[in-house]
Structures are given as C-alpha cells and as structure tokens.
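Chemist: here is my input, please return the structure:
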Amino acid sequence: MTIQLNHTIVAARDKEASARFLADMLGLEVSPLFGPFAPVEIPNGVTLDYMDTPGDIVPQHYAFLVSESDFDTIFARIQRAGLTYWADPAHSRPGEINHNDGGRGAYFDDPNGHNLEIITRPYGSGG
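Modeler: Residues are numbered from 1 along each chain as shown. Predicted structure coming up:
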C-alpha cells in the first residue's frame, strides 16, 4: 500500500498574504486560487492550502526538510525580513540555530503564529 500526504489546510487571517509569505520565504510560487484556497505546492508534491478562517487561529507546526544551500538561502531571507528566529520549538533560544543530527535548523513564525521550521537533516538521522 502506498500512502502519501497530498495536502493540508492551513488556517489564515488573510489566505493570500499568508500563502505569499510562505512562498517568498521558501522560494516557491503561490498557485492560482482554487475554491476557498490559496495553495502553495511544496516540491515533494504536498500542497498547503491556505484558507481564511474567522476567529482565533490555533498555531500549528510545519517543518520543511531543505538542502544545505537552500537553508542558507532561506535563512538569509528570514534575516533580511527582520524575523525573529529560534533554535528550538519552545522559542527559548532566540537568535540561534540548532545543529541537531549534524545538520542545521531554525524556527520562525508566520503572520498567523504558525511555527515554521527549516532543517537540513531529519530528526533521528544521527550525525
């Protein structure tokens, strides 16, 4: 049996602005609007479908496995944008990156408070 995650819905106050934020940070494109969604397709085929959501938004966590060179590029965008970043999901180590499993990782928030993460090595891969 083959099972793959195809898409997930991401709650947003402004779906188009939120989709643009992610696309800009990761160097991706926002796909044309599809129904109530502003989709951002990740290169592995998973789509994050941003949808306007009334009321409070419960922050979620989205981690992106990237190459070393992509990490450098994305991290430079984070810094140029003046975003606060952390080495850990609890946000207790501001202004730092981590070196878990011999790679690099950083966390930053999107405009809705979702916790975004870029990592160069899968957790538990050693190193």
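
Chemist: which ones are touching residue 13?
Modeler: By Cβ atoms under 8 Å, 6 or more residues apart in numbering, residue 13 lies in contact with 52-53, 57, 111-112. Any C-beta I mention is one placed from the backbone N, CA and C, and that applies to glycine too.

Chemist: okay, and which of those residues map to strands?
Modeler: Applying DSSP state E to these, the entries found in strands are residue 52.

Chemist: top of the contacts of residue 13 by neighbour count?
Modeler: Within the contacts of residue 13, residue 112 tops the neighbour count with 20 neighbours, counted by other Cβ atoms under 10 Å.

Chemist: that residue reaches residue 11, doesn't it?
Modeler: Yes: here residue 112 reaches residue 11: they are 6.7 Å apart, a contact under Cβ atoms under 8 Å.

Chemist: need the overlap of contacts for the two.
Modeler: Listed as contacting both residue 112 and residue 11 by Cβ under 8 Å, 6+ apart are residue 57.

Chemist: which one of the contacts of residue 13 is nearest to residue 37?
Modeler: residue 52 (9.4 Å; Cβ to Cβ).

Chemist: and for residue 97, the neighbour number?
Modeler: 20.

Chemist: contacting residues around it?
Modeler: 75, 85, 87, 104-106.
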